[in-house]
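> from the sequence below, what's the structure:
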Amino acid sequence: MDTIKKSFEESIKVKQEILDGDCLNSIARMGKVICESIRGGGKLLLCGNGGSAADAQHLAAELLVRLRPMNNRQAIPAIALAMDPSTFTATGNDFSFESLFERMVQAFGRPGDVLLGISTSGKSENVNLACIAARAIGMPVLAFTGSGGGKMLGLVD
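Predicted coordinates:
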């Protein structure tokens, strides 16, 4: 029971820190960038590894489908890049796992689209290379990260 209680207390603490700090303003600014892109005909590309890949997939699905139960809006073009095992294994075999998301951004990203990288450490090389590729195309680059942001912090808008 103590472990469960501690988990809930930590969740509450994190949410309170978001409300009290600058994080809420950052999230609002990110939302504005994404909305401007979508209104201009752009799309949102999302990438991450492991649990961050799952977060990217979940967010993309919510934007594409509904987000809220009674929300019958148009689909929002959002693509989670961590969806295709054949592409993963081919890229890893022929190039490197580190270049996976970079190549996908080069293939699918266009100026005015937005990349959202998700990395707990900010040190995921494949996500960081995707950020560099997106900037080269002229895409705004956003991130959800922790642990001080790592290398990723210097690669995002």
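> distance from the host helix or strand of Ser52 to the middle of the chain?
Assigned by DSSP states H and E, Ser52 belongs to helix 51-64. Distance, stretch centre to chain centre, for helix 51-64: 8 Å (Cα atoms, centre = their mean, to the nearest Å).
> packing partners for that helix?
strand 44-48, strand 78-80, strand 114-119 (3 or more Cβ pairs under 8 Å, 6 or more residues apart in numbering; DSSP states H and E). Glycine gets a C-beta too; all of them are placed from N, C-alpha and C.
> give me the angle between that helix and strand 44-48.
For helix 51-64 against strand 44-48, the angle by axes from the mean of the first three to the mean of the last three Cα atoms, to 10 degrees is 160 degrees.
> wait, which of the helices and strands packed on helix 51-64 is closest to Asp20?
Nearest of these to Asp20, taken as Cβ to Cβ: strand 114-119 at 22.7 Å.
> kindly calculate the angle that the helix holding Ser52 makes with strand 114-119.
Here helix 51-64 points in a direction 150 degrees away from that of strand 114-119 (the same axes, to 10 degrees).
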